[in-house]
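Asks: could you work out the structure for the sequence below:
(chains A and B)
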Amino acid sequence: MRIEQRGTEDLLRSTLREKADEAHDGLTFADIRDGAAAQRRRLRQRRLGYLAAAAVVVVAVPAGVYTLTDRDTAGPRPPTSTTSDGPAPSHTPSSTPSSQGFAAFSRGADAKVSYVLGRVVHLPDGSRSTLPAAADDVVSFAPYHGGWIVLDSVGGLAEYDSTGAPVLRSSQGESNVAVSSDGMRTAFQVDGQTRVGITSGMGEGEVTHPLSAGRLVGFLGDRLLVTTAAGLRTIDDAGNETAVPGPAIYVPTINGDLLGGLAGNGEGNQGAVVDTSTGSVLWRNDWRPLRFSPDGRYVAAAPAADEDHPTAIAILDARTGDVVARTGESVGVTLGWSVAWDQDRAVFEAVAGGTQHALLALDVAGRLTRVSDVVTRAPDEQGFVFPALP
Amino acid sequence: MTTQGVRMRGRGRVERSVSVAVSDAELEFADWMSARQGALVRTAYLLTGSQQAAEDLVQATLTKIYLAWDRIADRQHVDAYARRALVNEHRSTWRSASRRPEVLSAVLPDRGHEQTSYDGEREAVWQFVQGLPPRQRAVIVLRYYEDLSEAEIADLLGISAGTVKSQASRALAALRERVPTREEER
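Replies: Numbering: from 1, shown residues only, chains lettered A, B, ... in the order given. Below you'll find the predicted structure:
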């Protein structure tokens, strides 16, 4: 038996070596350099999508304020669901030029959310802070021990102290950063470990866990939530792992015991919210949860079938999946997947013409407004970047 | 930053005859790429089963490393970083191809009843490997081509060492049934 196994292993080894030699390399340095430039552009574009706004609403309400009607539906609906109030006027979105951009949106109060624009961190109270010059191409960030954890677009992570001096840089593998629901703790994954510490202030140590097999995605209560090949797991401060009850959820958002995200069923994506205290599925429909509101009452969502970019944003009742408010048909601005909450407003980035960036907000009453100034960014620069959120 | 024709010294097979600005770090990357591309392509070929897919995978991997080159402070670890990036890239490819929970295969793919004469033995083995589910194939390639330990494979694939062991064991058992070796036939 032992001989049999050895023979099979040897055969496998020699076959793989022989077959591997059939491969040939043909890439040039220029291929890689050019590809890297293209990837930076794609990474940026991937975060954006075309904004939907209902056709009839464009003319039925003052410019840029969209009254939404799908309050009792569970899933993205075609725009015809909002066009029953008489014939469409001649200046419907089909004739609305995409260059209209942000002119279509009324200006609401500035969003009280944190974000990074360039290297400047904007905080909800209006104050600002500047990340170190070395913090480039930021795609996520979080406060940590009085300084910052910064994640770049290729998965690299750096920690800076309150003076901007570098404390740590990842050297291998992918990294991630997450903040607890109460905002008090930050965790980050770097070089095969997760480290957990307080978000602000000094004088309290870190807890470090090995995380060689899995990816940090957030906190579930007091425990770290990680994805592994066997599904979602939580890790407590002692390093004990526990399986999360309920079906597999991908790209999750968390609030308390609620876990929402993609729930693939093999026949197309669906979204779902699971109560992890019981493992029960609260709802499952065609909306993919993106971010719970801080009070856990709502969840911002996008159509689950969307891949490159969301074609709409909706606010759902977090416990039932009913649509409370949603955007409609495209008016030619693009929007990103990332959502932050400002009380009962879901805030997200939109881009017009490739270089004009602004934050939009959809509130539970269905109003869609612009909640930041419009800023111009070069095509290869990140726009508004929200911090790591629960 | 230096301006040089990037045909110099054959670095990274940089064959463009035009002169472009190349930094010292890029020269260093090109040197490393020249030395390691072949090995990466061979592993990628075994993982993907086709030359084109292997090239795409290696290009994506090298691009990622190029973008991260400045922050890979420890050059001694860059080969391990590259292997991890290659496997991660491959994982993301197979996962995006089917966004559903991965299920470890307890049942190996039915390749029919191929006649496996000794002359076609290696081809039969290769057909068998290509028919494995992506992760199980990755386990086999990393174990029997890259000669990584079960723990190293578990780390790379984000699965437990026990799963690595069971996946390799199942594959070997099925392979023994499908392709008897010369020793067994004697």
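Asks: in the stretch 251-390 of chain A, which spans are strands?
Replies: Per DSSP state E, counting those that start in this stretch, the stretch 251-390 of chain A has strands spanning A:258-262, A:271-275, A:280-285, A:287-292, A:298-303, A:314-317, A:323-326, A:330-342, A:345-352, A:356-363, A:368-370, A:375-376, A:384-385. These are given in chain order.
Asks: where among the ones you listed is the average confidence lowest?
Replies: Of all the strands of the stretch 251-390 of chain A, the segment with the smallest mean pLDDT is strand A:330-342, scoring a mean of 82.
Asks: check which helices and strands that strand sits against.
Replies: Contacts of strand A:330-342 with other secondary structure elements, assessed using 3 or more Cβ pairs under 8 Å, 6 or more residues apart in numbering or on different chains; DSSP states H and E, are made with strand A:48-52, strand A:287-292, strand A:298-303, strand A:345-352, strand A:356-363. C-betas here are computed from N, CA, C, even on glycine.
Asks: go again with 7 Å.
Replies: The elements that strand A:330-342 packs onto, with contact taken as 3 or more Cβ pairs under 7 Å, 6 or more residues apart in numbering or on different chains; DSSP states H and E, are strand A:48-52, strand A:287-292, strand A:345-352.
Asks: go through those strands and pick out the most buried.
Replies: The highest mean neighbour count among the helices and strands packed on strand A:330-342 belongs to strand A:287-292 (a mean of 28), with neighbours defined as mean count of other Cβ atoms under 10 Å in any protein chain shown.
Asks: tell me which residues are up against that one.
Replies: Outside of strand A:287-292, the residues that reach it under the criterion Cβ atoms under 7 Å, 6 or more residues apart in numbering or on different chains are A:75-76, A:253, A:255, A:258, A:260-262, A:269, A:271, A:273, A:299-304, A:314, A:316, A:318, A:321, A:337, A:339, A:341, A:389.
Asks: what's the helix or strand for B:Val129?
Replies: B:Val129 belongs to helix B:121-130 when assigned by DSSP states H and E.
Asks: close to chain A, is that helix?
Replies: Yes: using Cβ under 7 Å from any Cβ of the partner chain, helix B:121-130 reaches chain A at B:Glu121, B:Arg122, B:Val125, B:Trp126.
Asks: hmm, which of the residues you listed is lowest in pLDDT?
Replies: Looking at the residues of helix B:121-130 next to chain A, model confidence by pLDDT dips furthest at B:Glu121: 81.
Asks: pretty sure that residue contacts B:Val179?
Replies: Yes: when contacts are counted by Cβ atoms under 7 Å, B:Glu121 is listed as touching B:Val179 (6.2 Å).
Asks: so the two - more neighbours on which side?
Replies: Neighbours were tallied for B:Glu121 and for B:Val179 using other Cβ atoms under 10 Å in any protein chain shown; the higher tally belongs to B:Val179 (24 against 17).
Asks: for the more buried one, what are its contacts?
Replies: For B:Val179, the contacting residues are B:Thr116, B:Glu121, B:Ala124, B:Val125, B:Phe128, by Cβ under 7 Å, 6+ apart.
Asks: farthest-apart pair in those residues, please.
Replies: Spatially, the most separated pair among the contacts of B:Val179 is B:Glu121 and B:Phe128, at 10.7 Å (Cβ to Cβ).
Asks: what is the nearest of the contacts of B:Val179 to chain A?
Replies: Of all the contacts of B:Val179, the one with the least separation from chain A (Cβ to the nearest Cβ) is B:Val125, at 4.2 Å.
Asks: now the residue nearest to the closest one when sequence neighbours are not counted: which helix or strand?
Replies: By the measure of Cβ to Cβ, 6 or more residues apart in numbering or on different chains, the closest residue to B:Val125 outside its immediate chain neighbours is A:Thr15, 4.2 Å from it. Counting by DSSP H and E, the element that carries A:Thr15 is helix A:2-20.
Asks: which parts of that helix are buried?
Replies: Under the neighbour-count criterion of 16 or more other Cβ atoms under 10 Å in any protein chain shown, helix A:2-20 has A:Gly7, A:Thr8, A:Glu9, A:Leu11, A:Leu12, A:Thr15, A:Leu16, A:Lys19, A:Ala20 buried.
Asks: okay, residue 177: pLDDT?
Replies: Using chain A here. Each residue has a pLDDT score; the one for A:Val177 is 86.
Asks: that's the other chain; I wanted chain B
Replies: The predicted local confidence for B:Glu177 is 81.
Asks: backbone dihedrals for it, please?
Replies: Dihedral pair for B:Glu177: phi -70, psi -40, per degrees, to the nearest 10.
Asks: which secondary structure element of the chain has the lowest mean pLDDT?
Replies: Let's take chain A. Comparing helices and strands within chain A by mean pLDDT, DSSP states H and E singles out helix A:55-60 as the least confident, with a mean of 28.
Asks: correction: the question concerned chain B.
Replies: Ranked by mean pLDDT, DSSP H and E, the helix or strand of chain B with the weakest confidence is strand B:2-5, at a mean of 38.
Asks: no further questions, thank you.
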